[in-house]
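1. The amino acid sequence is not available; the structure is as follows:
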């Protein structure tokens, strides 16, 4: 049995920040990361981040990942276990992991769940054809493995992921034939939309996928226009060719582990689906279990990092590791989180977080 | 409408366009950021305090026209790539537009590209005056384009394939490009007939009606020879392609 003060499940932006904060407060931390290196989705984010300097605004995701990784490797209180997937969480607090093909048990005194999210998919005819991907998968292929995922793409979804991945596909020399979205308005940041629009890519709102076509792999797609009630407009079908149909219709928090130990959950569509209820300190209904990042509700990576810091500090504090600046740091992080969510684009998140508040 | 298409409206653009008086004084930043999002590097990166302080991080940027020097530091710092610098004092007829461009290949100084608008539509030929790509730009290079002055608030991107580029077809029938013709002229083929025989330009369905004049223009441009002094190509019947069968079945066939 491996023992530690704090177990951090997931080495993405939230998990890395949680580990750094808990370790700086004096706790021994182990980070469990299922990939071969830390970074999570940051490693494939080649665009500059929004936010303020405190969340590394204007820096690119992969550069932020390097900064956090360096901080972790220099911190004696943090052990990183890569190629380690937490596969079970039990009532008595034990975590079971698959690490380098071995089954192991871990007993932490507190846990930060920072498992992230998975991509949502869409039901439509022939959606099993090769060449139909989640946008995140395409981004990984391109930006992590250097594989060009096709020659011409139709992107389904004009949220930030759809817009950003479209832009990055163009940077990789792939033609983007259109970005479509069933919603009447572009969901992502409008500056991202303008960036690809001025490269000549049409953005078609109130449009959805009807059928993918192809024999060996996807060769094209029939799209259809929607009216203001999201009903198909008769005879409005049209065809676009593509050898890659990219689905970017949102993310769902990865919460299986928290379900396993009976943590109180809430269904909050604004946050991507079922999320654990938590208080301001990112503490769940199990007082020794904290949550951060997309696992607690899908948001931007800048918010994930701030949540990670709050969860890490509080996990340490819960175990009695408190330094003179713990409270002032927490006050700063609460303020950062509030300001990131304060504007009109944060409205949905604010509404969602209210529904996920732990009484 | 911006929320539906990604293209800012005329009113939105007008709301961020510097006054004519200010434009006449030199370079100034234009922030095309029309949504209240939590982001402030435009403000924090400005060394001249020319951005209105973003008290609320969701506030939209506002350029102080008296303080902005048009230095362009903010261009590469804006995560939304939504800041441009325009300089209408660049020359009598042209303005400079400095824009962020994160694609390869980068254009080269002194070459021509096609200036495009916010919808990606070609609007002019633009000269690449400078490409800034130092560590300060941190992988968001800034390209300076010289564009017709009246398009300073229109050109927001460009295509490297210049509409007048080497890839342009001079002879559409036989698909001979300007680049190929230029190459032949450089090699010393300096008459329309020579070029026709070696490249087939002018041997297609239109029989040179489209390309003959264009090729002469190009020869003149490259060799300095006046068109009126050039040998004219030889004109022989038929003036349009006809089927051999039609000749064979001619009612006026003297050989029969």
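-> Happy to help now that I have it. Treat the numbers as computed from the prediction; the structure is a model and nothing was measured.
2. Check which residues of the top strand by length along chain A are buried.
-> In chain A, with assignment by DSSP state E, the single longest strand is strand A:102-113. Neighbour-count burial for strand A:102-113, counted by 16 or more other C-beta atoms under 10 Å in any protein chain shown, picks out A:106, A:108-113. For every residue, glycine as well, the C-beta is placed using N, CA and C.
3. At the contact with chain A, which residues of the stretch 151-256 of chain B appear?
-> Contact residues (C-beta under 8 Å from any C-beta of the partner chain) of the stretch 151-256 of chain B with chain A: B:156-157, B:159.
4. Show me what whichever strand or helix holds residue A:306 is packed against.
-> Assessed by DSSP states H and E, residue A:306 sits inside helix A:301-318. Packed against helix A:301-318 by the contact rule (3 or more C-beta pairs under 8 Å, 6 or more residues apart in numbering or on different chains; DSSP states H and E) you find strand A:2-9, helix A:13-24, helix A:61-73, strand A:102-113, strand A:289-291, helix A:326-340.
5. switch to 10 Å and redo it
-> strand A:2-9, helix A:13-24, strand A:29-32, helix A:61-73, strand A:102-113, strand A:289-291, helix A:326-340 (3 or more C-beta pairs under 10 Å, 6 or more residues apart in numbering or on different chains; DSSP states H and E).
6. Format the ones you listed as TSV; extra columns: distance to chain B and mean pLDDT.
-> Converted to TSV, the helices and strands packed on helix A:301-318 look like this (distance: least, C-beta to the nearest C-beta, whole Å; pLDDT from 0 to 100):
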stretch	distance to chain B	mean pLDDT
strand A:2-9	26	98
helix A:13-24	16	98
strand A:29-32	28	98
helix A:61-73	8	97
strand A:102-113	24	97
strand A:289-291	22	98
helix A:326-340	5	96
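7. Work out for me the element residue A:351 sits within.
-> Counting by DSSP H and E, residue A:351 is part of helix A:347-355.
8. Also residue A:139?
-> Using DSSP H and E, residue A:139 maps to helix A:135-143.
9. Then residue B:247?
-> Residue-wise, residue B:247 maps onto helix B:244-248 under DSSP H and E.
10. Just the mean pLDDT for that helix, thanks.
-> Regarding helix B:244-248, the rounded mean pLDDT is 85.
11. which helices and strands does that helix pack with?
-> So helix B:244-248, by 3+ C-beta pairs under 10 Å, 6+ apart, packs with no helix or strand.
12. Stretch A:291-300: how far from the chain's middle?
-> Chain-centre distance of stretch A:291-300: 7 Å, with C-alpha atoms, centre = their mean, to the nearest Å.
13. Now do the closest residue to residue B:226 other than its chain neighbours, the pLDDT please.
-> Excluding the flanking residues, the one nearest residue B:226 by C-beta to C-beta, 6 or more residues apart in numbering or on different chains is residue B:220, at 6.5 Å. Model confidence at residue B:220, given as pLDDT, is 92.
14. Burial check on residue B:220, number of neighbours?
-> 17 (other C-beta atoms under 10 Å in any protein chain shown).
15. how about stretch A:238-254: buried residues?
-> For stretch A:238-254, by 16+ other C-beta under 10 Å, it's A:240, A:242-254.
16. no, scratch that, I was asking about stretch B:177-190
-> B:177-178, B:180-182, B:184-185, B:189-190.
17. tell me the mean pLDDT over it?
-> Stretch B:177-190 comes out at a mean pLDDT of 88.
18. got the contact list for residue 6?
-> As the question left the chain open, I've gone with chain A. With contacts defined as C-beta atoms under 10 Å, 6 or more residues apart in numbering or on different chains, residue A:6 is in contact with A:18-19, A:21-23, A:25, A:27-31, A:77-78, A:108-112, A:288, A:290, A:311-312, A:315-316, A:318-319, A:321.
19. my bad, chain B
-> A:158, A:163, A:179, A:186, A:188, A:190-198, A:201-203, A:205, B:118-120.
20. let's see 7 Å
-> Residue B:6 is in contact with A:186, A:190, A:193-194, A:196-197, A:203, counting by C-beta atoms under 7 Å, 6 or more residues apart in numbering or on different chains.
21. circling back: the residue nearest to residue B:226 touches residue B:228, doesn't it?
-> No: with contacts counted by C-beta atoms under 7 Å, residue B:220 stays clear of residue B:228, the gap being 9.7 Å.
22. returning to that earlier point: quick check: the farthest pair among the buried residues of strand A:102-113?
-> Farthest-apart pair in the buried residues of strand A:102-113 is A:109 and A:113; separation 14.8 Å (C-beta to C-beta).
23. quick one on the thing from earlier: got the buried residues for the helix holding residue A:351?
-> Buried residues in helix A:347-355, counting neighbours by 16+ other C-beta under 10 Å, are found at A:349, A:352-353.
24. tell me which of those is nearest to residue B:235?
-> So of the buried residues of helix A:347-355, ranked by how close each gets to residue B:235 (C-beta to C-beta), first place is residue A:349, at 74.5 Å.
25. so how far is residue A:107 from that closest one?
-> 34 Å (C-beta to C-beta, to the nearest Å).
26. quick one on the thing from earlier: take the contacts of residue B:6 and lay them out in CSV including secondary structure and neighbour count.
-> CSV is the format used below for these (DSSP: H, G, I helix; E, B strand; the rest coil; neighbours: other C-beta atoms under 10 Å in any protein chain shown):
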residue, secondary structure, neighbour count
A:186, coil, 27
A:190, helix, 25
A:193, helix, 30
A:194, helix, 29
A:196, helix, 25
A:197, helix, 26
A:203, strand, 24
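27. ok, residue B:21 - how many residues close by?
-> Neighbours of residue B:21 (other C-beta under 10 Å): 8.
28. returning to that earlier point: tell me which of the residues of the stretch 151-256 of chain B next to chain A fall in strands.
-> B:157, B:159.
29. Relative to chain A, which of the residues of the stretch 151-256 of chain B next to chain A is nearest.
-> residue B:157 (4.2 Å; C-beta to the nearest C-beta).
30. ok, the closest residue to the closest one other than its chain neighbours - contacts?
-> Spatial nearest neighbour of residue B:157, excluding adjacent residues (C-beta to C-beta, 6+ apart): residue A:198 at 4.2 Å. Under the criterion of C-beta under 7 Å, 6+ apart, the neighbours of residue A:198 are B:116, B:118-120, B:156-157.
31. Enumerate every residue touching residue B:196.
-> By C-beta under 7 Å, 6+ apart, the contact set of residue B:196 is B:202-203, B:233.
32. now with 6 Å?
-> Counting by C-beta atoms under 6 Å, 6 or more residues apart in numbering or on different chains, residue B:196 touches residue B:202.
33. so it is in which element?
-> Using DSSP H and E, residue B:196 falls in helix B:192-199.
34. Return the set of buried residues in that helix.
-> Buried residues in helix B:192-199, defined by neighbour count with 16+ other C-beta under 10 Å: B:192, B:194-196, B:199.
35. among those residues, which two are most distant?
-> Longest span within those, C-beta to C-beta: B:192 and B:199, 10.6 Å.
36. Quick one: neighbours of residue A:201, just the number.
-> 24.
37. Count residues in the vicinity of the closest residue to it other than its chain neighbours, would you?
-> Closest residue to residue A:201 apart from its sequence neighbours, by C-beta to C-beta, 6+ apart: residue A:176 at 4.9 Å. Residues near residue A:176, counting by other C-beta under 10 Å, number 23.
38. What residues does residue 152 make contact with?
-> Here I'm looking at chain A. Residue A:152 touches A:175, A:177, A:242-243, counting by C-beta under 6 Å, 6+ apart.
39. nope, chain B
-> Applying C-beta under 6 Å, 6+ apart, the residues contacting residue B:152 are B:86, B:88, B:95.
40. Quick check: the last one is in a helix.
-> No: judged by DSSP: H, G, I helix; E, B strand; the rest coil, residue B:95 forms no part of a helix; its state is strand.
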